[in-house]
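**Q** I would like the atomic coordinates for the input below:
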Amino acid sequence: MNKSELISALSKKEGLTEKQASDTVNLIFKNFNEELKKGNRIEIRGFGSFVVRDYGAYTGRNPKTGGVIEVSPKKLPFFKVGKELKERVNSGK
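**A** Here you go, the predicted model:
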């Protein structure tokens, strides 16, 4: 499912216009982005949690040339699946 399919599903299930559903989904994603930028954790019970992980600098290789390159430190979002979602997926329900 992509973002537009999520908007359509929300619109149909809740009886919203496409605009209302789009605004709702965009508001949720915007707030997720803002919280992750601040370094905060987002937890949705029964689904999972999002955190930002710090990765240090390291020496890598350019796959095209084989040359050595320095990769700078970075922060990346990480999703950890919740126990209930994992069980639902594995049980096929």
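
**Q** How about stretch 40-50, which residues are buried there?
**A** Gly48, Phe50 (16 or more other Cβ atoms under 10 Å). C-beta here means a position set from N, CA and C on the backbone, and glycine is covered the same way.

**Q** show me what contacts the residue nearest to Glu84 when sequence neighbours are not counted?
**A** Spatial nearest neighbour of Glu84, chain neighbours left out: Gly46 (4.3 Å); criterion: Cβ to Cβ, 6 or more residues apart in numbering. Gly46 makes contact with Gly82, Glu84, Leu85, according to Cβ atoms under 8 Å, 6 or more residues apart in numbering.

**Q** Give the helix, strand or coil label for the last one.
**A** In this case it means Leu85. helix (DSSP: H, G, I helix; E, B strand; the rest coil).

**Q** who wins for neighbours among the contacts of Gly46?
**A** Neighbour counts for those (other Cβ atoms under 10 Å) peak at Gly82, which has 16 neighbours.

**Q** check contacts around the nearest residue to that residue once chain neighbours are set aside.
**A** Nearest residue to Gly82, sequence neighbours excluded (Cβ to Cβ, 6+ apart): Gly48, at 4.3 Å. By Cβ under 8 Å, 6+ apart, the contact set of Gly48 is Phe79, Lys80, Val81, Gly82, Leu85.
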